[in-house]
Structures are given as C-alpha cells and as structure tokens.
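Chemist: I would like the atomic coordinates for the input below:
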Amino acid sequence: MKKIFWILALLTCIQIQGKDIRKAVYIIVDGVPADMIEKIQPAAIDSISKSGGYSRGYTGGEIGGVTETPTISAVGYNNILTATWANKHNVWNNDIKEPNYYYPSLFWVARHCKKDMKLGVFSGWEENLTKLIGEDAIGTGMLHIDFTFNDSDKNKEKYPENDPLRIFNLDQDVTDLACRYIINEGPDVSWVYLWFMDDAGHKYGTDCKEYEKYLQMVDRQVSQIWSAVKTREKKTGEKWLTIVTADHGRTSTAEGKHHGGQSERERSVWVAMDKPGNEYFMSETPVSLTDITPTICNYVSMKVPQKIAREWEGIPMIGNIDFSNFKVIKDSNIIKFTWKGYSKNDVIIRMCTTDNTRTGEVNGKDQWIVIGKRPAKEEYYEWNCKNLESEFYKFSIEGPKTIEGAWISSH
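Modeler: Below you'll find the model as predicted:
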C-alpha cells in the first residue's frame, strides 16, 4: 500500500509541475491558399481551429514598399522564422545564398533566451535546417538543434523520383519521427514541415479532385501530430500550443499551379491554432506570417531582447497586447503613424537612421531615439522628419506588452 501511495503521489507531483510548463509546435502545410482550406475544410485543421481559432493571413510584405517579398517557399519559411521580411533576412528564393543571421531565427532566440530549452526541427528538405536555421553554421554561433529528421529527398533510393507520392512518403516519415519525439522527449519549441501539398500543387494545380484528395491525406498527418501533442499533454500535464499555417498561396490563373508573385491569392495564407487568439487574431484583419514567432515566444514566456524585437514586423496572436496593425506612411516631410489600440497603456515610438543590425557593426547596435509618446487608444501620431533627412527610417512602436518594427524609404 505504501508503494502504491508513493507512486500516486509522484504522478500527482509530475502533473502539477507539468501545468507550469508551456511548449509549442508549428506545422507548415506548404503552398495551400486560404480559399482551399475554407472550401475543403480538412477535419484536423478544422478541429484545431474550433479548439482555438482560425484567421486568414498574408505573406509577401507591403506591395511596392521596402518589405515587398516574393511568395516563394524558403522565403515564406524565413518570414516565419525571423519575424521579418526579405529586405532584412535576405532570403529571396529557394537558393538561400546569403541568409542574414543577424536577424536570428526563432530557434536561435529560444536557445539564447532559455539555454535549457530542447528544440526540434523535422523537415525532409534539409536546407530548412542547414541554411535557414543555420545549424552548426558559423553565422549562428554553431547553433545546435536537439531533435531533427536525419534523411531528405536526396535519398533517391528510399524516395524514388518516379514515385508520384515520394514527397508524401517523405513527409510521413517526418511526421512519424516528430510524433515520437513529441510524445517521448517533448521539445519546448518544434517545427514540422509538410512539403507534399506544394509538390502536388505544382503538378496538378488546385482546380482538380486530386488536390482535394491530397489535402485530406496531408490533413491526416496534421491529425497525427496534434494527437501526439494531446498524448504528451495528458502524459505530463504540460500545456502545448499547436499552430498550423502555410508559407504562401497559389496563382488564380493556370489552374493554381504557380506562386511567387504578389497577386491576392499568392499572398493568401491562413493560421489555425488550438488555443484562443487575442483581439487582433479574432478581428477581420488578416494576420501575418511574421506574427508566428512572436506568438510562440509570448506563449512559452521567452524574454526576447529589445534589440531583436524592435526589428520584428509581427506581434503575438495570443495574450494581451497594446496594439496591432502598425502602419507608417510618409507624406512629404510628415510621417504618419497609425495603429489599432487595445490597452490603456502609453506607446512609445522610436526611430533610427542606422542599419548596424544588418551588418553586425558596432556589435549590431542601432541608435534609437524617442520621437513620440501617445496613449495606445489614440491610434495616431505625426512626426516631422525635415530636420533629420535620411535614405530610410526604421521605426519601433513599443508598449509594456507589445513591440513591433517598421521600415520605410525616404523616396
């Protein structure tokens, strides 16, 4: 009887401790525009949305602005990882020639904010790990990821090129391994990459029965991952956030086989979460791919350095926030700032005309100055830049709960 008592006591203790532990996993379903999710309503993604919420989103930065970004796969992944657009992270296509690690990834931030965090990246396209995240790269300080998928599409014997389901089968192996690690190891922050829908989209387009069938197949992989999360939660008492999203949409023409441009459908993405979102997430305003990393950091309580957060162009979709929808417009010498205010707190607007972060100069420190302070509820501010002319301006709006950056050209 005493042995049983102590076993029960130990299990109770583990459950109580687990309730204070928060973890997160995000899943990319590559290349599925929001209209196809809403039309087909895949069961697992729909269930995740009903548990938390669903929002349309966008990628591609600001059309015609400094942040305009190609709607290409690796670019979209890095929009998420760094919470910035291509003008900062410097990934413009799938070649990933010179990623700028001075705008660090979610996994670098996690490792340096909480050194004991366990990290997982599960992807059959190895460049996600080796180039975008930069595992063991000099530029990331030899960043190490604890749990990874150690195979790839380059294994032509295991995943033969003449098999139309080769990428699906690769994704299934990725899914199986991710689930084992989630259940048994419980990484604090994980990314699971499901590639097949982009492969299918390029082959078949979106306007066919094959696309719907394949999306249902991939949705079952999402279901498998989410089931693993729930098993882990039940086993340990931990609280997990699951986010499912896409990296880009598809063209409306040519049967939806292509992407890369700035059409509305190519920019169209979506976010499903199994935890309720905040006012911003639940509003009719589309969220951004750059919001995912701030959301995860907020959920797992990372204290992100201001130097990094000021460069982010996204905000948390979960928890209390001071504002959303920060916009900057230059009209002659007048720069106009607008936002949607939620809290009673003041927000401070800062500006700098240096870009040391991009090159790491002066230890990567930019010289920020305060140019204004307003209650968040006022939602507007003007600043005359006549006495401080520059080729570009970087701005940051900061409240006690929220921080977001923006960048404009003087032209």
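Chemist: any low-confidence regions in the stretch 151-300 of the chain?
Modeler: Along the stretch 151-300 of the chain, no part satisfies pLDDT under 70.
Chemist: what about the strands in it?
Modeler: 189-194, 239-245, 268-273, 287-288 (DSSP state E, counting those that start in this stretch).
Chemist: do you know which of those strands lies nearest Arg56?
Modeler: With C-beta to C-beta as the measure, strand 268-273 is the member of the strands of the stretch 151-300 of the chain nearest Arg56 (5.6 Å). Placement of C-beta: from N, CA and C, glycine included.
Chemist: starting at the chain centroid, how far to stretch 77-85?
Modeler: Put simply, stretch 77-85 sits 6 Å off its chain's centre (C-alpha atoms, centre = their mean, to the nearest Å).
Chemist: about what we covered before: same list (the strands of the stretch 151-300 of the chain) but as CSV, adding distance to Glu135 and mean neighbour count.
Modeler: CSV is the format used below for those (distance: least, C-beta to C-beta, whole Å; neighbours: other C-beta atoms under 10 Å):
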stretch, distance to Glu135, mean neighbour count
strand 189-194, 12, 28
strand 239-245, 22, 23
strand 268-273, 26, 26
strand 287-288, 26, 24
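Chemist: so can I have JSON lines of those strands showing distance to Cys179?
Modeler: Converted to JSON lines, those look like this (distance: least, C-beta to C-beta, whole Å):
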{"stretch": "strand 189-194", "distance to Cys179": "9"}
{"stretch": "strand 239-245", "distance to Cys179": "12"}
{"stretch": "strand 268-273", "distance to Cys179": "18"}
{"stretch": "strand 287-288", "distance to Cys179": "27"}
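Chemist: so which of the ones you listed is nearest Phe392?
Modeler: strand 287-288 (20.8 Å).
Chemist: run through the neighbouring helices and strands of that closest one.
Modeler: strand 53-58 (3 or more C-beta pairs under 8 Å, 6 or more residues apart in numbering; DSSP states H and E).
Chemist: quick one: the strand it packs on to chain centroid distance?
Modeler: 13 Å.
Chemist: now do stretch 375-395
Modeler: Distance, centroid of stretch 375-395 to centroid of chain: 28 Å (C-alpha atoms, centre = their mean).
Chemist: just the endpoints, please. Distance across that stretch?
Modeler: Criterion C-alpha to C-alpha, to the nearest Å; first-to-last residue distance in stretch 375-395 is 17 Å.
Chemist: run through who's touching that stretch.
Modeler: With C-beta atoms under 8 Å, 6 or more residues apart in numbering as the test, stretch 375-395 has contacts from 66, 310-311, 322-323, 328, 330, 333-347, 349-353, 355, 366, 371-372, 374, 399, 405-410.
Chemist: buried only: go through those residues for me.
Modeler: 66, 310-311, 322-323, 328, 335, 337, 339-343, 345, 347, 349-353, 366, 371, 374, 399, 405-408 (16 or more other C-beta atoms under 10 Å).
Chemist: Lys257 against Gly201, yeah?
Modeler: Yes. Assessed by C-beta atoms under 8 Å, Lys257 is found in contact with Gly201 at 6.4 Å.
Chemist: looking at the two, which one has more neighbours?
Modeler: It is Gly201, of Lys257 and Gly201, that has more neighbours when counted by other C-beta atoms under 10 Å, with 26 against 16.
Chemist: spatially nearest residue to the more buried one (excluding sequence neighbours)?
Modeler: Spatial nearest neighbour of Gly201, chain neighbours left out: Gly31 (4.9 Å); criterion: C-beta to C-beta, 6 or more residues apart in numbering.
Chemist: and Gly31, how far is that from Ile72?
Modeler: Going from Gly31 to Ile72 by C-beta to C-beta, to the nearest Å gives 10 Å.
Chemist: now do Gln221
Modeler: In this view, Gln221 and Ile72 are 23 Å apart by C-beta to C-beta.
Chemist: could you report the neighbour count for Arg265?
Modeler: Around Arg265 there are 20 residues (other C-beta under 10 Å).
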